[in-house]
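[1] Pasting the sequence and the predicted coordinates here, then a few questions.
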Amino acid sequence: MGLKLHNTFTRTKEEFVPVEKGKVKFYMCGPTVYDYIHIGNARAFIAGDVLRRFMKYIGYDVTYVLNLTDIDDKIIQRSQKEGVSTESITEKFSKAFFEDIDTLGIEKADAYPRATEHVEEIIVLIKRLIGQASAYQVGGDVYYDVSKFANYGKLSGKNIDDLRAGARVAVDEKKRNPHDFALWKNQKPGEPAWESPWGMGRPGWHIECSAMSMKYLGESFDIHAGGQDLIFPHHENEIAQSEGATKQKFVKYWLHNGFLQIEGEKMAKSLGNFRTVREIVKIYPGRVLRLFFLQKHYRSPIDLTDQGLQAAASASARLKIFYDKLNKVLGTIGNIRKEIDPKTLSKSETKFFDSFEKMKSALTEAMSDDLNTPVAISVLFDMVRETNKLLSRDDLTENEKMLLVYSKKNFDDFNSFLGLIDSKEESVDSKMVDALVTLLIELRNELRAKKEWELSDKIRDQLNAMGVVLEDKGRETEWRLK
RNA sequence: GGCGGCGUAGCCAAGUGGCUAAGGCGGAGGUCUGCAAAACCUCUAUUCAUCGGUUCGAGUCCGAUCGCCGCCUCCA
């Protein structure tokens, strides 16, 4: 079954057919680096990350580009308020952005173009639009003439007349049409500016994405993604600019993720419930946030609640405990034949193998159905349960050991795009910690042998309070971090 | 006003015409354990906001009603 994606442009689920066979050119609208990224940004970037990784997994050669908007009103405002340069603002928050997406387990994009590094390309594109009368200059400003683009409003399902009727913002008198938008903004005192044919100024917001996406991915490419709020006007305007200039289809598939609320309320700075990623990952690690988001469909609205995050944390812990245990058991098994010959399996082994094969295809199918991660994850939990049954036994047959290897292989495959287990994590246990915990376990087991339960329980409880969990298995005791 | 989305168990959430309505969290009981923990097993929606309609058959399609939410100039 092929991959299907919901295309905002057609409002339907469509079979994904790339512009160029086997390749995917994917542009994700990145952050404006004027503040720490918030939890809503995280959702969008996680969704993009999972889709990109899944496409790789099913064999596409994916080029993933995520831009950084490093010049705009909000950045200028903040720099003026703090009395520092715009560069010091954008540098600080770009760095923070990279740190944050790293804690969320998001893979590096192939390119992170910045608007200020592409002013030249932006100017070329604007000149092209002026040259064919799609844009006009008024003083030091340049506007896009919406009336010159027949399909304006197609993506967002709006028609210009309705918009005109609903316009509630004071119209800039320099514009010919109220919905014309700025491609180039004349410099105001104290603002950063670049030289251009229209004098000193800076790019409008929308034009950077057109210029940079086309530079890195070509004039016609596969996927352009972002939050639902970007549909209008941002992406609408990008289409107008790009197709107005090239006369070609700009983007084949437009993908938009749903919005997020905080405890039932819209997230807004004015409500004081703005939650940054770095604030939340202090309490819930990146893998928990990923699971929280991926247990819902990317296009649905989400309510971020503490109860919900805690549920995700429990579920995430279950996956982690499972995975660690699987690795531990496999570590004791040693080398084993990799290939499974279904003919040599016993009845119960065959049952395990067959159900796994079914689950594998169910999982891939769910992912292929417009990234149905909730279903994919439900299958993953089914796999965990089946494998746990084997893991709890200590009289494994050779075939069953092979099945465990096979289970891990599959789990790793799925984790390669879901990213629910962070192999980089751990490492909290230094040699010293390991030695100390081992010593305590030995002492406790001596006490247990003498049936001194009170003292031995005290050791276990105190360690638990410090985040070290002890698990007794007959005479052996294992430990792990909570 | 225009456009769009949603309402499924205590909570979260799949399912868009047809076997017993996925999965996670939480809860109850059980197996294992000295007791735990982890894991496993059983149970936890005769019912999908409400009311009509179409159909042999509807969370699933159509209509109405109620409730919630988003976008409509720079917030993902």
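    On my side now, so go ahead.
[2] now the residue of the stretch 201-350 of chain A found nearest RNA strand B: how far from A:Pro31?
    Nearest to RNA strand B, among the residues of the stretch 201-350 of chain A, is A:Gly227, at 1.7 Å (C-beta to the nearest atom of the strand). Backbone N, C-alpha and C define where each C-beta goes, glycine included. Note on A:Gly227: its distance to A:Pro31, by C-beta to C-beta, to the nearest Å, is 11 Å.
[3] related to what we said a few turns ago, surely the residue of the stretch 201-350 of chain A closest to RNA strand B is in contact with A:Leu260?
    No: if you go by C-beta atoms under 8 Å, A:Gly227 and A:Leu260 don't touch, sitting 9.0 Å apart.
[4] neighbour-wise, which of these two wins?
    A:Leu260 (22 against 18; other C-beta atoms under 10 Å).
[5] pretty sure that one is touching A:Arg43, no?
    Yes: between A:Leu260 and A:Arg43 there is a contact under C-beta under 8 Å: 5.8 Å.
[6] Give the residues shared as contacts by these two.
    Common neighbours of A:Leu260 and A:Arg43, counting by C-beta atoms under 8 Å, 6 or more residues apart in numbering, are A:Ile302.
[7] circling back to that earlier point, list residues touching both of A:Gly227 and A:Leu260?
    In contact with both A:Gly227 and A:Leu260: A:Gly40, using C-beta under 8 Å, 6+ apart.
[8] Show me where the stretch 301-450 of chain A has its helices.
    For the stretch 301-450 of chain A, the helices defined by DSSP state H, counting those that start in this stretch cover A:306-333, A:347-368, A:373-391, A:398-418, A:431-449.
[9] and the angle from the second one to helix A:373-391?
    Using axes from the mean of the first three to the mean of the last three C-alpha atoms, to 10 degrees, one finds that helix A:347-368 and helix A:373-391 are set 160 degrees apart in direction.
[10] Quick check: mean pLDDT of helix A:347-368?
    The pLDDT scores in helix A:347-368 average 93.
[11] So what does the residue of the stretch 201-350 of chain A closest to RNA strand B look like in phi/psi?
    Dihedral pair for A:Gly227: phi -80, psi 160, per degrees, to the nearest 10.
[12] That one and A:His38, how far apart?
    11 Å.
[13] what's the answer for A:Ile302, then?
    13 Å.
[14] Repeat that for A:Met359.
    Distance from A:Met359 to A:His38, by C-beta to C-beta: 35 Å.
[15] how about A:Ile239, what does it touch?
    So A:Ile239 contacts A:Asn151, A:Lys154, A:Leu155, A:Phe250, A:Val251 (C-beta under 8 Å, 6+ apart).
[16] would you list these in CSV and tack on pLDDT, secondary structure and neighbour count?
    Putting the contacts of A:Ile239 into CSV (pLDDT from 0 to 100; DSSP: H, G, I helix; E, B strand; the rest coil; neighbours: other C-beta atoms under 10 Å) gives the following:
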residue, pLDDT, secondary structure, neighbour count
A:Asn151, 87, coil, 11
A:Lys154, 87, coil, 16
A:Leu155, 89, coil, 24
A:Phe250, 94, coil, 22
A:Val251, 94, strand, 25
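[17] quick one on the thing from earlier: give me the beta-bridge partners of the residue of the stretch 201-350 of chain A closest to RNA strand B?
    A:Gly227 forms beta bridges with A:Asn257, as assigned by DSSP bridges.
[18] Next, the contact list for it, please.
    Contacts of A:Gly227 by C-beta under 8 Å, 6+ apart are A:Cys29, A:Gly40, A:Ala44, A:His256, A:Asn257, A:Phe259.
[19] Which residues are in contact with the closest residue to the second one other than its chain neighbours?
    Which is A:Gly40. Once flanking residues are discounted, A:Gly40 sits nearest to A:Leu260: 4.5 Å by C-beta to C-beta, 6 or more residues apart in numbering. Going by C-beta under 8 Å, 6+ apart, A:Leu260 touches A:Ile39, A:Gly40, A:Arg43, A:Met267, A:Pro301, A:Ile302, A:Asp303, A:Leu304.
[20] and the residues you listed as CSV, adding pLDDT, distance to RNA strand B and neighbour count?
    Converted to CSV, the contacts of A:Leu260 look like this (pLDDT from 0 to 100; distance: C-beta to the nearest atom of the strand, whole Å; neighbours: other C-beta atoms under 10 Å):
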residue, pLDDT, distance to RNA strand B, neighbour count
A:Ile39, 92, 8, 21
A:Gly40, 91, 3, 22
A:Arg43, 94, 5, 25
A:Met267, 84, 5, 17
A:Pro301, 88, 6, 12
A:Ile302, 90, 6, 21
A:Asp303, 90, 6, 13
A:Leu304, 92, 9, 22
